[in-house]
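Chemist: sequence unknown, structure follows:
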């Protein structure tokens, strides 16, 4: 029962600022980031007077779960009353960064105003010159010599004005761009400064004047994280490196300095509700394909029908399976500094070496590039989670993809890069292309020359993919002799050759097929 009396859960009470408040800013000690919130643990140390004390723990986030705040004193101290409030009377001091940005904005604005006045003066001078030209033109008493001098002046001054206006306008445009960049930086800082901060007000009793230590924990919605992964490769002769990462943010209003930071894919436990197990039902679902972004992989992805399934866990992390995913908790080994700002911060969680089989895949009918793809058969041991992945080749970023855990596959396929040292071409052989009429039928013949050239200094195993059409009507006949011994999937028409290309070796394949159909009909798809 003693532990129940030393932990006070927050009751929301409307109280006003009282006199003789002792204001203390707790020190953040640790935090666990969840996907859309964070559990934060802090500590406050101060001296308590004998009798009743009113303390205010300041600098807390205003957006937190008020029913989940816990305040636990250490020592012979009792808590009489506790409440949470937003501080509307005190704004934090401006940071050095905010002050410097505001000074820069003021300086740029002064320059813009000065340029604006300069341009207006030049336009006024331009108007005066034009109006003076009209006046001089109407004054027939002007001597020829004077008129020549006036013309020389106009001829020199008028272009000067135009050039000055042009240069001033260009300078103004650059300053406007600088002003916009500065405003984009300063607005989040101003918004953060103007945000309400939270305060925890507690009335406590002590039998004597003693040093007090309070443990504070709360849930804030101003922090969170998203998992991501990097695939890194140096050479196709070396294992693939997989880097687990966390992209995290916190806008709590307080910098977290030298704290222990953890990450979790679960939801924080509720202090008022018992855990509930919903019904666990299984049903069929259509697998979703991997989505590739910023990589020239559409052809290979289409031809490979790539779909992967992943689940989640780290080797040194607590893992609790539920449905198709997992709950992860991962702690960084060393304390970190985590500032409060609007920037996403990346933390590297761990890196593992992955044995993979590298395959070169070419689909010249769709695209001439040769795609290097990593095949990972025992990918379940990696315990991945659904997220965006980035691919690096020799530390150079080449693209991103997304791993979706809702599909199932025995092998995880990771497209890595395109090998420009392997050239594959597919050209129509005009001698084999013909159209013949045989009785009531028309027969169209096609022939393609596929040429492969390996310019690498080592041999490669290459998978070449192509296709022939498949008839969906008995009156349409497709003839294919398979003279090159391709792996032929008759139902889909897909063709695949597994080739070994030696260093600097070239190979040629000829693909021939014919389509026969009634000559009075047209075939869609040819």
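Modeler: Good, I have the coordinates. The model shown is predicted, which means the values in this text are computed figures rather than measured ones.

Chemist: any chance you could map the helices in the stretch 401-526 of the chain?
Modeler: Counting by DSSP state H, counting those that start in this stretch, no segments of the stretch 401-526 of the chain form helices.

Chemist: what stretches of it score poorly on pLDDT?
Modeler: For the stretch 401-526 of the chain, the stretches flagged by pLDDT under 70 are 404-408.

Chemist: mind redoing it with 80?
Modeler: Residues of the stretch 401-526 of the chain meeting the criterion pLDDT under 80: 401-410, 525-526.

Chemist: which stretches of it form strands?
Modeler: Ranges of strands in the stretch 401-526 of the chain, per DSSP state E, counting those that start in this stretch, are 412-418, 422-428, 434-438, 441-454, 460-467, 477-479, 487-489, 494-501, 506-518.

Chemist: and among these, the most buried is which?
Modeler: Sort those by mean neighbour count, taking mean count of other CB atoms under 10 Å, and strand 412-418 sits at the top with a mean of 23. (Each C-beta comes from the backbone N, C-alpha and C, glycine too.)

Chemist: Output the contacting helices and strands for that strand.
Modeler: Counting contacts by 3 or more CB pairs under 8 Å, 6 or more residues apart in numbering; DSSP states H and E, strand 412-418 packs against strand 223-233, helix 298-304, strand 370-376, strand 387-393, strand 396-403.

Chemist: Where among those is average confidence lowest?
Modeler: Sorting these by mean pLDDT places helix 298-304 lowest, at a mean of 35.

Chemist: hang on, residue 165 is in a strand, isn't it?
Modeler: No. Per DSSP: H, G, I helix; E, B strand; the rest coil, residue 165 lies outside any strand segment and is helix.

Chemist: got a pLDDT number for it?
Modeler: 87.

Chemist: Same check on residue 338?
Modeler: Model confidence at residue 338, expressed as pLDDT, equals 93.

Chemist: Quick check: bridge partners of it?
Modeler: Beta bridges link residue 338 to residue 256 when assigned by DSSP bridges.

Chemist: cool, residue 350 as well?
Modeler: Beta-bridge partners for residue 350, by DSSP bridges, are residue 244.

Chemist: OK, contacts around the residue lying closest to residue 245 once chain neighbours are set aside?
Modeler: Nearest residue to residue 245 in three dimensions, chain neighbours excluded: residue 228, at 4.9 Å (CB to CB, 6 or more residues apart in numbering). By CB atoms under 8 Å, 6 or more residues apart in numbering, the contact list for residue 228 reads 245-247, 387-390.

Chemist: filter the residues you listed to the buried ones?
Modeler: Among the contacts of residue 228, those classed as buried by 16 or more other CB atoms under 10 Å are 245-246, 387-390.

Chemist: could you dump the strands of the stretch 401-526 of the chain to a markdown table with distance to residue 394?
Modeler: Formatted as a markdown table, the strands of the stretch 401-526 of the chain follow (distance: least, CB to CB, whole Å):
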| stretch | distance to residue 394 |
| --- | --- |
| strand 412-418 | 9 |
| strand 422-428 | 17 |
| strand 434-438 | 48 |
| strand 441-454 | 20 |
| strand 460-467 | 17 |
| strand 477-479 | 45 |
| strand 487-489 | 33 |
| strand 494-501 | 22 |
| strand 506-518 | 27 |
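
Chemist: And these: which comes nearest residue 343?
Modeler: Among those, the nearest to residue 343 by CB to CB is strand 412-418 (28.9 Å).

Chemist: Among the contacts of residue 228, find me the one that's closest to residue 128.
Modeler: The closest of the contacts of residue 228 to residue 128 turns out to be residue 247 (CB to CB; 60.6 Å).

Chemist: Show me the helices in the stretch 1-150 of the chain, by range?
Modeler: Using DSSP H, counting those that start in this stretch, the helices found in the stretch 1-150 of the chain span residues 2-6, 96-138, 144-194.

Chemist: Tell me which other helices or strands the second one touches.
Modeler: Taking 3+ CB pairs under 8 Å, 6+ apart as contact, the helices and strands that helix 96-138 lies on are helix 144-194.

Chemist: Okay, angle between the helix it packs on and helix 96-138 too, please.
Modeler: Taking axes from the mean of the first three to the mean of the last three CA atoms, to 10 degrees, one finds helix 144-194 and helix 96-138 inclined to each other by 160 degrees.

Chemist: For helix 144-194, name the packing helices and strands.
Modeler: For helix 144-194, the packing partners by 3+ CB pairs under 8 Å, 6+ apart come out as helix 96-138.

Chemist: pLDDT averaged over the helix it packs on - what is it?
Modeler: Per-residue pLDDT over helix 96-138 has a mean of 80.

Chemist: now swap in stretch 280-291 and tell me
Modeler: Stretch 280-291 carries an average pLDDT of 52.

Chemist: And stretch 220-232, what's buried?
Modeler: Quick answer for stretch 220-232 (16+ other CB under 10 Å): 220, 222-232.

Chemist: what comes into contact with stretch 153-169?
Modeler: Under the contact criterion CB under 8 Å, 6+ apart, stretch 153-169 has outside partners 115, 118-119, 122-123, 125-126, 129, 133.

Chemist: Among the residues you listed, name the buried ones.
Modeler: Buried among those by 16+ other CB under 10 Å: 115, 119, 122, 125-126.

Chemist: just to revisit the earlier point, so which of the helices of the stretch 1-150 of the chain comes closest to residue 488?
Modeler: Closest approach to residue 488 among the helices of the stretch 1-150 of the chain is made by helix 144-194 (58.1 Å; CB to CB).
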